[in-house]
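A.B. asks: Dropping the sequence and predicted coords here.
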Amino acid sequence: MKKDQLMFGTAYYPEYMPCDRIEKDFLMMKKAGINTIRVAESTWSTLEPRDGEFDFTFIDSILKEAEKAGLWVIVGTPTYAVPSWLAQKDPDVMVINSKGREKYGRRQIFDLLNPTFRFHAERVIRELISHTAQHSSVIGFQIDNETKHYDNKGKEIQRLFIEYLKEKFETPERLNAAFCLPYWSNSIADWEQFPDITGCINGGLAGEFEKFQRQTASEYLKWQADIVREYKKEEQFITHNLDFEWRKFGADIAQDGYSYGVQPGINHYEAAKCLTKLGADIYHPTQDELTGAEIGFGGDSIRSLKYENYLILECQAQAFKYWTPYPGQLRLQAYSHLASGADGISYWNWHSIHNGFETYWKGLLSHDLEENPTYDEACRIGREWSEIGAHLIHLEKTNQTALLVDNHSMTSFQWFPVDKDLSYNDVVRWMYDSLYEMNIECDVVDVNGLDPNKYKIIVTPALYCATEEFLEKLDMFVKRGGVLVSSFKSFVADEYFSVYADTQPHRLHECFGMSYNQFTEPGKAKIKNTPLKYFAELLTVKGAESLADYEHKYWGKYAGITRNAYGCGTAYYIGCYTEKTVLKEILKRAAADAGIREKSMEYEWPVIVRQGKNKYGKQIHYVLNYSEEEQKIRCVWKKVKDLLTGELCQEGDTIVITDWDLKIFEEV
């Protein structure tokens, strides 16, 4: 893959094939314009069939044929699915989680701290990387696969957690005070009394343990990256396929679902530090449910980790029965990834698997391994990227809005939910999707990586936990002219889940010009004549402007949404879960306060605009139609050229975009 060539790739496992067909597969890939394959990350038992006995036959065959075909190769370390001989050698390799010790079979069920696992994982990594790093076709390495902490509650992680607490709090008395452990007699008098964490009933302490679990997962990735660095060439990258919360369609099929929100099992901001190239896996509903929002959220999240371009290491081709794409959708999805800042995509998988757990998660090729409509559409993508890819790679995006996400607040929501049907990620996506549908592009920023100076608007969905230092940062952001938009359940507690014992929202009630000390089930209450769901805080204005009072016999004296001029800036507080139409009104006004007046905001979903500057310094506007209906819109840019057709368009011209189609405009 050349420096200025988009990656168009696929995962490839000849180990799973019913016959030897590497040459034929590579010919079909070349016809489709595929230039990159990812191999090895799932095949430890093939690479090391017995303890200490290595067999790289498949790897060698792939590399030999890839070189002849001119394909680039990403080699994955095979550590996320352990071989049975390793589990038999040391049963403690299998993780102990909330359900007890896992039985061998599935992937991602090992204890990543177990010394036996670490010894053998390091050995297979060293053998594989040293065997492949000098090959001319290998452009980089993917460490592990969709890594998480796997709910590890084994003896070693609990021992390390106690050492972590000793270092952080120094004395049991300070620990007791931080987490209010006298409640239900949970306090300890000395460290030897610290109990098994699996029985913990203290949300703050459990949250601290889950934060520690996430740290062990990030440190595990760093451990692998450090090994790979000993062998890789300077130009070869180290990546990882960071994934997201898996939101299930239903409970009938185990793997049903899609990428939805913040990943609870690892902190992306911490994990990304050891990577030289960011990577992600993004899956989403298709057919009539395709909105592009999952692609947008995932891409904005990954890009914002380091403010740089990234690779989509897994995305869908056909997969489930309800993912078989309508004509045009595979292409629309591919360009949507680029529009968020991806430098390329890779499908999981090349072929449909003929046996095993994921038999009916279909790849680019169906089980007959022949050409099909999805493959044909991939060929169209490949042809187009070979022609215009140089104009699309390394898209530089500069957004003025940040939406903050926080693993720790997510954990707090699990302990203290406002409603059984509303999760932290639901609130995140409620606010993100509203911005997305209004064509207000944003960065999705981890709270630990926020630089307020980059932004005009900061949006905080349910930021339950916040330190005094962080609250001061937000307060100064507004005073200096920023616009803050916060939802209910923001700024309630400190980093240990201890609710601040003063006026809510803590530290920022003057900034918002309001306070509250009661909240309720909305019941029959409305806002702006629209129904409410899940939760409502009863806001008392103290200098703020009420943008909407509750429409209710008893709650009508309280505000539900407020706006306050504070210093040189403005602060909005949304105390209830509203329909998106109401939320969008607030976000539109906030954008006006911040001076954000993007031309693309003239459009709204299903017409989505994503934009940035290409390597030639020209502004690029992706105009995407997420609909089966033809869209006729007015051109809002002075003069642009459609890179796909070569047509010129001027301000005021009518643009016609057919179903599930797009335009890519470059300003001229």
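C.D. replies: Received the coordinates, thanks.
A.B. asks: Next, work out how far apart Trp44 and Ala317 are.
C.D. replies: Separation of Trp44 from Ala317 (Cβ to Cβ, to the nearest Å): 25 Å. C-beta: built from backbone N, CA, C; applies to glycine.
A.B. asks: got the end-to-end distance for stretch 186-197?
C.D. replies: End-to-end distance for stretch 186-197: 12 Å, by Cα to Cα, to the nearest Å.
A.B. asks: pLDDT (mean, whole number) over that stretch?
C.D. replies: Stretch 186-197 shows a mean pLDDT of 97.
A.B. asks: Residue numbering should commence at 32 henceforth.
C.D. replies: Taking 32 as the first residue, the last one we looked at is stretch 217-228.
A.B. asks: hmm, who's touching it?
C.D. replies: Contacts to stretch 217-228, defined as Cβ atoms under 8 Å, 6 or more residues apart in numbering, come from residues 184, 189, 192-193, 196-197, 203, 206-207, 212, 232-233, 236-237, 240.
A.B. asks: Restricted to strands, list these.
C.D. replies: Within those, no residue falls in strands by DSSP state E.
A.B. asks: What is the nearest of those to Glu266?
C.D. replies: Phe192 (39.6 Å; Cβ to Cβ).
A.B. asks: Please name the nearest non-neighbouring residue to the closest one.
C.D. replies: With Cβ to Cβ, 6 or more residues apart in numbering as the criterion, Phe192 has its nearest non-adjacent residue at 5.2 Å, and that residue is Phe243.
A.B. asks: mind listing what's buried in the helix or strand hosting the one you found?
C.D. replies: Secondary structure from DSSP states H and E places Phe243 in helix 234-260. Residues of helix 234-260 classed as buried: 234-249, 251-252, 254-256, 258-259 (neighbour count, 16 or more other Cβ atoms under 10 Å).
A.B. asks: ditto for stretch 269-282
C.D. replies: For stretch 269-282, burial by neighbour count (16+ other Cβ under 10 Å) applies to Ile269, Thr270, His271, Asn272, Leu273, Asp274, Phe275, Glu276, Trp277, Arg278.
A.B. asks: one step back: of Trp75 and Ala348, who's got more company?
C.D. replies: Taking other Cβ atoms under 10 Å, Trp75 and Ala348 do not tie; Ala348 has more neighbours (27 against 21).
A.B. asks: looking at it, the more buried one is touching Asn403, isn't it?
C.D. replies: No - assessed by Cβ atoms under 8 Å, Ala348 is found out of contact with Asn403, at 9.8 Å.
A.B. asks: Helices of the stretch 482-631 of the chain, start to end?
C.D. replies: For the stretch 482-631 of the chain, the helices defined by DSSP state H, counting those that start in this stretch occupy 499-510, 540-543, 611-624.
A.B. asks: Following element in sequence after the last one, please.
C.D. replies: Next helix or strand after helix 611-624 toward the C-terminus (DSSP H and E): strand 638-644.
A.B. asks: for that following strand, packing partners?
C.D. replies: Packing contacts for strand 638-644, counted by 3 or more Cβ pairs under 8 Å, 6 or more residues apart in numbering; DSSP states H and E, involve helix 360-370, strand 650-656.
A.B. asks: So which residues make contact with the last one?
C.D. replies: Looking back up the chat, that one is strand 650-656. Under Cβ under 8 Å, 6+ apart, the answer for strand 650-656 is 323, 363, 366-367, 369-370, 422-423, 426, 631, 634, 637-645, 662, 664, 668, 671, 686, 688-698.
A.B. asks: Next: stretch 293-304.
C.D. replies: Contacts of stretch 293-304 (Cβ under 8 Å, 6+ apart): 178-182, 241-242, 244-246, 248-249, 252-253, 271, 273-276, 309, 332-333, 336-337, 436-438, 441-442, 455-456, 459, 477, 479-480.
A.B. asks: Strands of the stretch 32-181 of the chain, start to end?
C.D. replies: For the stretch 32-181 of the chain, applying DSSP state E, counting those that start in this stretch gives strands covering 38-42, 67-70, 103-107, 127-128, 131-132, 169-173.
A.B. asks: Same question for the stretch 232-381 of the chain.
C.D. replies: Along the stretch 232-381 of the chain, the segments classed as strands by DSSP E, counting those that start in this stretch run 268-270, 272-273, 277-278, 289-290, 309-312, 341-346, 373-378.
A.B. asks: Could I get the ones you listed in JSON lines, plus columns for distance to Phe550?
C.D. replies: Putting those into JSON lines (distance: least, Cβ to Cβ, whole Å) gives the following:
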{"stretch": "strand 268-270", "distance to Phe550": "43"}
{"stretch": "strand 272-273", "distance to Phe550": "34"}
{"stretch": "strand 277-278", "distance to Phe550": "26"}
{"stretch": "strand 289-290", "distance to Phe550": "31"}
{"stretch": "strand 309-312", "distance to Phe550": "36"}
{"stretch": "strand 341-346", "distance to Phe550": "39"}
{"stretch": "strand 373-378", "distance to Phe550": "40"}
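A.B. asks: Return the most buried member of the helices and strands packed on strand 638-644.
C.D. replies: Greatest average neighbour count among these goes to helix 360-370 (a mean of 24), per mean count of other Cβ atoms under 10 Å.
A.B. asks: just checking, what packs against it?
C.D. replies: Helices and strands touching helix 360-370, by 3+ Cβ pairs under 8 Å, 6+ apart, are helix 324-337, strand 341-346, strand 373-378, helix 404-423, strand 638-644, strand 650-656, strand 693-698.
A.B. asks: Ser290 is nearest to which of those?
C.D. replies: helix 324-337 (5.2 Å).
A.B. asks: show me what contacts Ser371?
C.D. replies: Counted by Cβ under 8 Å, 6+ apart, Ser371 has contacts Ile326, Gly327, Gly329, Gly330, Asp331, Arg334, Lys428, Arg641.
A.B. asks: Selection in ChimeraX covering whichever of these are buried, please.
C.D. replies: To isolate the buried members of the contacts of Ser371 in ChimeraX, using 16+ other Cβ under 10 Å:
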select :326,327,329,330,331,334,428,641
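A.B. asks: closest to Gln165 among the contacts of Ser371?
C.D. replies: Distances from Gln165 to these, taken by Cβ to Cβ, are shortest for Arg334, at 31.6 Å.
A.B. asks: Check the gap between the nearest residue to the closest one once chain neighbours are set aside and Ser332 for me.
C.D. replies: Using Cβ to Cβ, 6+ apart and skipping residues adjacent in sequence, the residue nearest Arg334 is Gly372, 4.2 Å away. Distance of Gly372 to Ser332, computed by Cβ to Cβ: 11 Å.
A.B. asks: So which of those two has more stuff around it?
C.D. replies: For Gly372 versus Ser332, neighbours defined as other Cβ under 10 Å are more numerous around Ser332 (29 against 22).
A.B. asks: most remote residue from the protein's center?
C.D. replies: Largest separation from the mean C-alpha position in the chain: Lys584, at 42.0 Å (Cα atoms, centre = their mean).
A.B. asks: In contact with that residue: list those residues for me.
C.D. replies: Lys584 neighbours (Cβ under 8 Å, 6+ apart): none.
A.B. asks: Which pLDDT does the model give it?
C.D. replies: 97.
A.B. asks: Likewise for Cys599?
C.D. replies: 98.
A.B. asks: number of nearby residues for the nearest residue to it once chain neighbours are set aside?
C.D. replies: In space, and not counting its chain neighbours, Cys599 is closest to Gly512: 4.0 Å by Cβ to Cβ, 6+ apart. Taking other Cβ under 10 Å as the criterion, the count of residues near Gly512 is 14.
A.B. asks: Wait, Gly512 touches Ala602, no?
C.D. replies: No - look at Gly512 against Ala602 with Cβ under 8 Å: they stay out of range, at 11.7 Å.
A.B. asks: returning to that earlier point: now, which of the buried residues of stretch 269-282 sits nearest Phe522?
C.D. replies: Glu276 (23.2 Å).
A.B. asks: how about that closest one, what does it touch?
C.D. replies: Ser290, Tyr291, Gly292, Val293, Gln294, Pro295, Asn456.
A.B. asks: Run a quick check on Asn380 versus Pro45, I expect a contact.
C.D. replies: No - the pair Asn380 / Pro45 is not scored as a contact, 11.7 Å apart, by Cβ under 8 Å.
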